[in-house]
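Q: I need the structure of the sequence given here:
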Amino acid sequence: MKLLILSDSHRNIQNMVQAVRLEEPDLMIHLGDHYQDAMELKRLFSDIPLEAVAGNCDFGQKPSEKLITVHKKQILLCHGHNQHVKCGLLNLEYAAREKQADIVLFGHTHRIFCEQHNQLAILNPGSIGDPRYPGRPSYGLVFIEEDSIFLQTQFLSL
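A: Predicted coordinates:
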């Protein structure tokens, strides 16, 4: 199962479309900022399932956090602002462990983070629409095969 992870699109629909066409995922996940971008992606690629959460720029949108199950793996989706990820990842890790998640996906910082430790896979795909560092749009991939989880980040070629 191939999951395409997008975050912080900030109205840049074209970059998301390019990533979807390039990766041909089984599931798309949008981690907020801008939630309406995710709804546009869902309209454009109605044959690919989409999960989305709202970010700090998505005033009034819900939900801001979601727990989903994919191939028997629990995945916590959040933007990260409620877990204060710009100050560190401890709150995020606690939230994931409290929900017995195998994977936690977050955004908000616009910085790539990809690590597996203590049986928890953690991924921030960076920003597909408003990259700050290193200045290139990026996205994440999660591969779930039988009992294994593989994380990867990619830069979008412009």
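Q: contacts, neighbours, all on C-alpha from now
A: Fine.
Q: contacts only, for the closest residue to Glu145 other than its chain neighbours.
A: Among residues not flanking Glu145 along the chain, Met1 sits closest, at 6.4 Å (C-alpha to C-alpha, 6 or more residues apart in numbering). By C-alpha atoms under 8 Å, 6 or more residues apart in numbering, the residues touching Met1 are 25-27, 71, 143-145.
Q: and the helices in the protein, which stretches?
A: Per DSSP state H, the chain carries helices over the ranges 13-23, 35-44, 90-98.
Q: most tightly surrounded among these?
A: Most buried of the helices of the chain, by mean neighbour count (mean count of other C-alpha atoms under 10 Å): helix 35-44, with a mean of 18.
Q: now for that one, which elements pack on it?
A: In terms of contacts (3 or more C-alpha pairs under 8 Å, 6 or more residues apart in numbering; DSSP states H and E), helix 35-44 is packed against helix 13-23, strand 50-52.
Q: buried subset of the contacts of Met1, written for ChimeraX?
A: Of the contacts of Met1, the buried ones can be selected in ChimeraX as follows, counting by 16 or more other C-alpha atoms under 10 Å:
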select :25,27,143,144
